[in-house]
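Trainee: Here's my sequence, what's the structure:
(chains A and B, ligands or ions: 4)
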Amino acid sequence: MPKIKIRRFDAKRKPQGLVQEWEVKEGSTLLEALTFIKCEKDPSLTFRSGCRSSVCGSCAVRVNGKEVLACAYKPQEGDLVEPRRFAKVIKDLVVDDTEAFKTLKLAKAWLGEPRESAIVTPEDEKRTERQSDCILCGSCYSACPVLETNPAFLGPFALTRDWRYVADPRENDIKSKVDAIQKNGVWDCTLCGECTAVCPQGIDPKSDILMLRTKSTQMGHMDPNMGSFGSFGLDF
Amino acid sequence: MIDVLIVGGGGAGLSAAIAAKEVGMEVAVLGKTYPTRSQTSMAQGGINAALGNAGADSVDAHVADTIKSSHMLGDKEMIRRLCEKGPQAIRWLDEIGTPFSRLDDGRVAQRKLGGASAKRACYAQDYTGLKLLHTLHDTALARGVRFLNEYYMLNFIVEENRVLGITAIEMKSGEVKTVRSKSVVIASGGYSGLYFGFTTNSSTSTGDGIAAAIRAGCVLSDMEFVQFHPTALKKSGVLISESARGAGGYLLNSKKERFVDELKPRDVVARAIWEQIKEGEEVYLDIRHLGEAFIEQNLPQERKLAKLYEGIDPVKELVPIKPVAHYTMGGIEVDSTHMTKVEGLFAAGECANAYVHGANRLGGNSLLETVVFGYEAGENAASFALKSNKKVPSMHTWLKRDSEFIGKIYQFANQIDFYEKRTSLGNAFYHKVGIVRNERDLKGVLAAVRRLHEELPLMGIADKSREFNTNLVEFIEFGNMIELAKTVLVGAIGRNESRGAHQREEFPDEDNEKFGGIHSFSWKENGELCNKFGGLRDE
Ligand SMILES: Cc1cc2nc3c(=O)[nH]c(=O)nc-3n(C[C@H](O)[C@H](O)[C@H](O)COP(=O)(O)OP(=O)(O)OC[C@H]3O[C@@H](n4cnc5c(N)ncnc54)[C@H](O)[C@@H]3O)c2cc1C
Ligand code: SF4
Ligand code: SF4
Ligand code: FES
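Mentor: Ligands and ions are numbered 1, 2, ... in the order given. Next comes the predicted model:
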């Protein structure tokens, strides 16, 4: 029977935050353990759940500082379970995902203008198969260090989704998508790979961002960080 | 002001939203979860359409298969419309960017699901529902559909049999709010959650919208028809997809004997497994002979889930399974325009009964229904809103009514633990209102459910806070489950025959003289549940 610690939050309680320890059943998933605590011990414990099979993206939390899906993780003795980062905690393990989801709209991560009689070959399908496996669990967003300093950064999943549509032969209007990810977008990423390390679907937002950078340059955008060298006095 | 309000952001809700937006309406999708977290994400198998991309197929063949599976409870016209619009729906999904699996020449790939006479199911690897749902979501965002995420709908606001909007809890703040709208589409999913602990479904499938509909004056029909999936993991009820048997997996009992042709329709296989379990046998799925390479290539999710939940590796070991509730055919009765008995209130998707599945649903037809009928319901709700010139009265009475209702729940005694009761309801439903039923057991459960209903005020919530109170939401869900449990039971008790997914011990055969084409209907009069059996649209 492993003991796990859960960081809890209640806006109306004093103190608002506290860490509680619970004994949970051996062999159960973290989501089953949380459900067990809620139904048998403390009905006020608050978390999200849905499919129980890693596909609805409801249940991502942090365990010992690393993002996991609660329904796909087996708790270990001494684990510390916390809510995801860079979003306001509403209660216990539930954070407000409103801002994170807004990035999808800002990045114009959709098919904007269908191209007449486009043909999608199996190769095209394969090229962005992984990217379209994204379940929008928000793990990568919580893991990305850029969001610590720049809350306006579009973040990994929106950029991955932007690339998924940029690379789609059915999209006619690539330009507006590429334009949308210049500011607080591809150039702000430090390519640290933290997002890739936590994605439960094996998606690699970092390399999608690199692809988008190449596309951006091809379409006449410039790396603003490169541009700043100009003011070093190296004018020819 | 919202013209068209959609309750639920699964496949049906998002299709409705996009359709209503297309004609310039102000559209909002309200959901108790974010739309991408809807159960639609879980569908793997595929979406049917007679494209004939992978061998000969025709709309007629699709219609014939669906009618056969409906066991005389399908409406031929609705079935034909659904099947005829199938190819067009796939073209639309393709145009908005759905990442379907492809044939070499770029056409959408198709595979065969159980009960189909052709390779008819379009798929996106093993993530058909996920990718379809996310593509619809991205499209809805692009078109400017508004989202009210994590609002828990309580009731429809109806005056003089005309819908005016809804009441809901904004979960983040815990406040009760009203949302007014010229028309409303219910797309809130099914009620397999009644079989708590014994279902493949998401924990959100508690039938809220259906329960709110009967309270609002709608009629529910064919509620006794619940499809069981033969192969779910024994401990968790998590689905092991049909493709495991399709690829040559065997079913074995404890003696390691095969006992049924694994490729028979779902209800037949589920029944055979149930009989084994009743005799005290364990039942296993055996895919070891398919080999590691094949399993890793074709059933990777299944392997992962078996390891996680059963602690076994299907490459080397037998997978313990049981049949569990998977899809609910019954639901809110709608006419051929998808409107319920309440004016301006439409319903589509698993919550609705549009009479295309009848007594048994074919795999791949429900996703098709969510897209085709969801879209139609959205169009029709938009035309209704356009014609509407009703001045919407003040919402104050309704706000007061439901705020007081919630206020009361906070004061309920909480002497009886409803979580425990939810578990026992699930157990009772699985064992006595499950794959094979009999009158004595059904009546016993009905009495127990009535008792639970009376005891609700003795239950209640332990968490008295406002913000994101899932204890409260789950309690209201439980209340909705109790409401629907009765309609399922009355239907099951009255149907003295076996048809499709409804099997009665005492009446093992179809009784076409008495029940061929005869549906069960439930509604409320002055708060009392009423029901009858009758033909379609002849009430
Ligand atoms: C494991 C699994 C596999 C499946 N595979 C297939 C398949 O291969 N092919 C196929 O055709 N079908 C399949 N099905 C069935 C199919 O997925 C569903 O029938 C279909 O997705 C239902 O879609 P929907 O839009 O009606 O509802 P859902 O996707 O269930 O969406 C319901 C929505 O309503 C919202 N909601 C519910 N209650 C409330 C409330 N009180 N207030 C506010 N919002 C609310 C929810 O948040 C959600 O957004 C499968 C089902 C399961 C469980
Ligand atoms: S690689 Fe870029 S997007 Fe990913 S975590 Fe690092 S900074 Fe964030
Ligand atoms: S990219 Fe991966 S981690 Fe990020 S939201 Fe999608 S599935 Fe989750
Ligand atoms: S519950 Fe759906 S991803 Fe975990």
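
Trainee: which non-adjacent residue is nearest the residue in the stretch 251-400 of chain B positioned nearest to ligand 1?
Mentor: Residue nearest to ligand 1 within the stretch 251-400 of chain B (Cβ to the nearest ligand atom): B:Gly349, separated by 2.4 Å. (Glycine included, C-beta is placed from N, CA and C.) Nearest residue to B:Gly349 in three dimensions, chain neighbours excluded: B:Ala12, at 2.7 Å (Cβ to Cβ, 6 or more residues apart in numbering or on different chains).

Trainee: Wait, a strand at the one you found?
Mentor: No. Applying DSSP: H, G, I helix; E, B strand; the rest coil, one finds B:Ala12 to be helix, outside a strand.

Trainee: Now do the residue of the stretch 251-400 of chain B closest to ligand 1: how many residues are near it, please.
Mentor: Counted by other Cβ atoms under 10 Å in any protein chain shown, the residues lying close to B:Gly349 total 32.

Trainee: Contact partners for it?
Mentor: By Cβ atoms under 8 Å, 6 or more residues apart in numbering or on different chains, B:Gly349 lies in contact with B:8, B:10-13, B:187-189, B:366, B:369-370, B:373-374.

Trainee: wait, B:Val108 sits on B:Asn48?
Mentor: No. B:Val108 lies out of contact with B:Asn48 (Cβ atoms under 8 Å); the separation is 11.9 Å.

Trainee: Which one's more surrounded, those two?
Mentor: Using other Cβ under 10 Å, the more surrounded residue of B:Val108 and B:Asn48 is B:Asn48, with 30 against 24.

Trainee: Beta-bridge partners for the more buried one, please?
Mentor: B:Ala121 (DSSP bridges).

Trainee: what about the helices in chain A?
Mentor: A:30-36, A:98-106, A:122-127, A:139-143, A:146-149, A:156-166, A:174-180, A:194-198, A:205-218, A:224-227 (DSSP state H).

Trainee: Which among those is found nearest to B:Asn161?
Mentor: With Cβ to Cβ as the measure, helix A:98-106 is the member of the helices of chain A nearest B:Asn161 (36.3 Å).

Trainee: Okay, domains of chain B per the record?
Mentor: The record's domain split for chain B, according to automatic domain parsing, is B:228-324, B:396-534.

Trainee: As CSV, the ones you listed with mean neighbour count, mean pLDDT and distance to A:Asp133 would be great.
Mentor: Below are the domains of chain B laid out as CSV (neighbours: other Cβ atoms under 10 Å in any protein chain shown; pLDDT from 0 to 100; distance: least, Cβ to Cβ, whole Å):
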stretch, mean neighbour count, mean pLDDT, distance to A:Asp133
domain B:228-324, 19, 93, 11
domain B:396-534, 18, 97, 28
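
Trainee: can you tell me which of those comes nearest to A:Met222?
Mentor: Closest to A:Met222 of the domains of chain B is domain B:228-324 (Cβ to Cβ; 41.7 Å).

Trainee: quick one: is that closest one near ligand 4?
Mentor: No. Using Cβ under 6 Å from any ligand atom, domain B:228-324 stays clear of ligand 4, with a minimum separation of 10.5 Å.

Trainee: Give me the distance from that domain to the chain's centre.
Mentor: 23 Å (Cα atoms, centre = their mean, to the nearest Å).

Trainee: Ok, stretch B:384-392 next?
Mentor: 30 Å.

Trainee: what sits up against that stretch?
Mentor: Taking Cβ under 8 Å, 6+ apart as the rule, stretch B:384-392 contacts B:3-4, B:20, B:23, B:25, B:162, B:164-165, B:180-183, B:339, B:343-344, B:346.

Trainee: what comes up buried for that stretch?
Mentor: In terms of neighbour count (16 or more other Cβ atoms under 10 Å in any protein chain shown), stretch B:384-392 has its buried residues at B:Phe384, B:Ala385, B:Ser388.

Trainee: residue contacts, A:Arg115?
Mentor: By Cβ under 8 Å, 6+ apart, A:Arg115 lies in contact with A:Pro169, A:Arg170, A:Glu171, A:Asn172.

Trainee: Please tell me how far it sits from B:Lys112.
Mentor: Taken as Cβ to Cβ, to the nearest Å, the spacing of A:Arg115 relative to B:Lys112 amounts to 31 Å.

Trainee: Quick check: ChimeraX command selecting the buried ones in the contacts of stretch B:384-392.
Mentor: For the buried members of those, the matching ChimeraX selection, counting by 16+ other Cβ under 10 Å, is:
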select /B:3,4,20,25,164,165,180,181,182,183,339,343,344,346
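
Trainee: So which of the contacts of stretch B:384-392 sit within strands?
Mentor: B:Asp3, B:Val4, B:Arg162, B:Leu164, B:Gly165, B:Arg180, B:Ser181, B:Lys182, B:Ser183, B:Phe346 (DSSP state E).

Trainee: For the last one, list the residues it contacts.
Mentor: This points to B:Phe346. Contacts of B:Phe346 (Cβ under 8 Å, 6+ apart): B:16, B:183-186, B:334, B:337-340, B:377, B:380-381, B:384.

Trainee: cool, B:Tyr195 as well?
Mentor: Neighbour list for B:Tyr195: B:Val226, B:Val324, B:Ala325, B:Gly426, B:Phe429, B:Tyr430, B:Gly434 [criterion: Cβ under 8 Å, 6+ apart].

Trainee: Please tabulate the ones in strands among the contacts of stretch B:384-392 in JSON lines, including the columns pLDDT and distance to B:Ser221.
Mentor: Output for those, formatted as JSON lines (pLDDT from 0 to 100; distance: Cβ to Cβ, whole Å):
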{"residue": "B:Asp3", "pLDDT": "97", "distance to B:Ser221": "28"}
{"residue": "B:Val4", "pLDDT": "98", "distance to B:Ser221": "25"}
{"residue": "B:Arg162", "pLDDT": "96", "distance to B:Ser221": "22"}
{"residue": "B:Leu164", "pLDDT": "95", "distance to B:Ser221": "25"}
{"residue": "B:Gly165", "pLDDT": "96", "distance to B:Ser221": "25"}
{"residue": "B:Arg180", "pLDDT": "95", "distance to B:Ser221": "29"}
{"residue": "B:Ser181", "pLDDT": "96", "distance to B:Ser221": "25"}
{"residue": "B:Lys182", "pLDDT": "96", "distance to B:Ser221": "26"}
{"residue": "B:Ser183", "pLDDT": "98", "distance to B:Ser221": "22"}
{"residue": "B:Phe346", "pLDDT": "98", "distance to B:Ser221": "16"}
